[in-house]
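Chemist: Pasting the sequence and the predicted coordinates here, then a few questions.
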Amino acid sequence: MADWNTMSDAEFRKEVRRFFETEYPEELRHLPHRPKFAEVEHWHRKLHARGWVAPAWPAEYGGMGLNAAKLLIFYEEQQRWGVNRGRDMGVQMVGPLIIKFGTRQQKDYWLPRILSCEDIWCQGYSEPGAGSDLASLRTRADIDGDDFVINGQKTWTTMAHDATHIFMLVRTDPGAPKKQQGISFVLAPMDQPGVEVRPIRTLAGETEFCEVFFDNARTPCENLVGELNKGWTMAKALLSFERIFIGSPSLAQNALGQLESFARCRGAFDDPVFCDRFAQAALDVEDHAALYARFADQLKRGETLGADVSMLKIWVTECFQRITELRIEAAGPDGATISPLQVGNVSVDILASFYKARPTTIYGGSNEIQRNILSKAVLGLPG
Amino acid sequence: MLSSDQDDLRLLRESARTLFERAGGSGRARKLRDAGGTWDPEMVRELAAAGVLGVTVPEVNGGLGMGLAAAGVIAEEVGRVLAPEPVVMTVGLSLGLLRRLCPDHPRVAQLISGDTVLAVAWQERGAGGAPGDAACRYADGKLTGSKAWVVGAPGSQGFLVVAEGADGPVLALTEATANGCSVDQRVQADGSAMGELSFSATPAEELARGNAVTEALSDAISDTTALAAAELVGLSDRAFEITLDYIKTREQFDKPIGSFQVLQHRAVDLNVMREVAQAGVREVLARMDCETDPGVRKRLASRAKARAVTAAKKITRDAVQLHGAVGYTDEFDIGLYLNRALVLSAWLGDDAYHRRMWFKAREQEGAA
């Protein structure tokens, strides 16, 4: 197994770029929707054969063992080439959780199955009454013999209709004095009578997320990860790296590139008002990238990121939205067309990126929640 | 390539901050404004003694031989305390021209030592006025005509004038007290004044001529534009800090107003704007140090100024709003920041202007 961390950053970047450029299937580049596993399975097999499914996991568990600097490069190259992340909930969320808090048996059993995608995971966090206020979750898991019995409802469960397993936060001690206490992390199979999945159609017309209903569903007690009633702290510990990833410039950069080529074909740059708004958006993206680089350097020096990293997410998601709105403006009367538009020799889906941009200010902690966090944790404002 | 490593820059920042704080911080800016709106020549010499003015001049010519990134650190500190001394003007424009055109001229050493201050007169009112198209003439050692928007004119001992000679542009040096030279003052929002200069057969010394003058001026303006952006970054930084302190302590409805969510979110947005501006402008300065193509340097400078003005306008105006009625009084320092931001925004082009310039440069590079 190669020790990637001993390579220079430039060499490593070259290697990753070469692999994506030569091996990634062209038809999957910049996929506008979230694929089902079957659609990306051939790509997953290639990654798996190369041992590149889990860049962040330690090598002893079958990962690439990348340090923060290399990991960032890996993701940058992935986004640059429009490589789909596939069904990576297992790799991104469940694996790190088990590696950090799981037992020997849990590691031996689950980790290889995540890498091979024998198990495909979805995340059961949000509930109808627990969105931004996640700690209010009410789905219960009660011990009955050797099993947990699960009752309740999860929602916004991404790709639950294409998952074999769910990792979830459940209430195991309803009598705990604070709502953050009494929450546990359990793993449960989806294929059982007590689990019902109802896909939800999004504004974009896709079915990426679902409601999941639990009616006396069961999972063995050995599927508890970490200590009973300690799930909240564990969930928070998982979020550290995601916080810079979610603020990376790539979505906005790609959208800007698309906007520019579209606007050029449509002659939008003949309009000085459009030019100014384009310049504003482009400069917003460039200066965001400068701030992102500052945080990335911090990671590369081995420092832990503080709560201030959230400002990347706020800025870039709002900027991403403005860019996709500009494309609608540039489209004029075609601005609400769902069917692909022929512009020059390319076919453009005007609304795809607009829709894609809408939930970015909602998911991963809404931008309002991020502002609450920044005002208290970074600015030290009271109350 | 002239890059300075991060440790050097940190040391430079610390010493510049100490120097300004010892001198009296932003309170000094108010005193000088009330005393007539110019700078303190003693402070200019003190800054010079610390090497500040010669920061980008090569060591062989008596400077520190550092890059724009280092000059930007100093400009940020100038902005934080609203120091009226002509630091960015001297580093970017006066020495920016002389170190490129005549680095061995005795005035270089005098500027570095703070013994003299020279304002640069390069613009004119009216249709022409650009270098190569100036109505102000230089012939036989004499200047005739007028120049406009000369920042720092009232406190300067002399002027570096871009005029039209017999065969192309000339950079000429004249004394403020020279015969036939008059300065009409236009007072600005922060109390400083720009000069409208007029010359009538005013004796002057030719320092350089030809295309070199146009090129040096253009590149010096790029530097100065980016440094003015850095000054705005420092100004925004401090204006935000003052405002944050204020909303933490001002109480209404029996609690600090900073505990209200609507103010918290506004404060966060200003903070994000400040951080983006700081990161963007610092990145630009570092890149300009490694970039030799004047067109690219110009585009980078426009990016910096567009960002810094956008941020400073938003931050200082929202700062007044967050202060409430006291923000509208002259007694509170926050208004000084708003006024200085107005002046630095108008100087060398505001955000809308620089977005236009940036876009134009980008289109030209794309076409090339």
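Modeler: Yes, it's here.

Chemist: Going by residue numbers, what spans are helices in the chain?
Modeler: In the absence of a named chain, chain A is used. A:9-23, A:37-50, A:68-80, A:89, A:95-101, A:104-116, A:231-237, A:242-245, A:250-266, A:272-300, A:310-331, A:350-357, A:367-373 (DSSP state H).

Chemist: Chain B, not that one
Modeler: Along chain B, counting by DSSP H, helices occupy B:6-23, B:25-34, B:41-49, B:68-80, B:87-88, B:95-101, B:106-112, B:211-249, B:261-290, B:294-323, B:334-346, B:351-367.

Chemist: Turn these into TSV, columns for mean pLDDT.
Modeler: TSV is the format used below for those (pLDDT from 0 to 100):
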stretch	mean pLDDT
helix B:6-23	91
helix B:25-34	92
helix B:41-49	95
helix B:68-80	97
helix B:87-88	98
helix B:95-101	98
helix B:106-112	97
helix B:211-249	97
helix B:261-290	98
helix B:294-323	98
helix B:334-346	97
helix B:351-367	94
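
Chemist: Next, format the helices of chain A as TSV and append mean neighbour count.
Modeler: From N, CA and C alone the C-beta is placed, and that goes for glycine too. Formatted as TSV, those follow (neighbours: other C-beta atoms under 10 Å in any protein chain shown):
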stretch	mean neighbour count
helix A:9-23	14
helix A:37-50	14
helix A:68-80	19
helix A:89	22
helix A:95-101	20
helix A:104-116	17
helix A:231-237	17
helix A:242-245	18
helix A:250-266	19
helix A:272-300	19
helix A:310-331	22
helix A:350-357	20
helix A:367-373	19
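
Chemist: Nearest to A:Arg201, out of these?
Modeler: For the helices of chain A, proximity to A:Arg201 was assessed by C-beta to C-beta; helix A:350-357 is nearest, at 12.0 Å.

Chemist: List the contacts of the closest one.
Modeler: A:32, A:202-204, A:251, A:255, A:258, A:317, A:320-321, A:323-325, A:327-328, A:331, A:334-338, A:341 (C-beta atoms under 8 Å, 6 or more residues apart in numbering or on different chains).

Chemist: What number of residues are in the vicinity of the closest residue to chain B within the stretch 1-150 of chain A?
Modeler: Residue of the stretch 1-150 of chain A nearest chain B, by C-beta to the nearest C-beta: A:Ser132 (13.1 Å). By the other C-beta atoms under 10 Å in any protein chain shown criterion, the neighbourhood of A:Ser132 contains 12 residues.

Chemist: was I right about it contacting A:Ile369?
Modeler: Yes: look at A:Ser132 against A:Ile369 with C-beta atoms under 8 Å: they come within range, at 5.0 Å.

Chemist: Can you pull the residues of the stretch 201-350 of chain B lying near chain A?
Modeler: B:244, B:247-248, B:255-256, B:258-261, B:263-265, B:267-269, B:271-272, B:275-277, B:279-280, B:282-283, B:303, B:306-307 (C-beta under 8 Å from any C-beta of the partner chain).

Chemist: Are any of those buried, and if so which?
Modeler: Neighbour-count burial (16 or more other C-beta atoms under 10 Å in any protein chain shown) is assigned, among these, to B:244, B:247-248, B:256, B:258-260, B:263-265, B:267-269, B:271-272, B:275-277, B:279-280, B:282-283, B:303, B:306-307.
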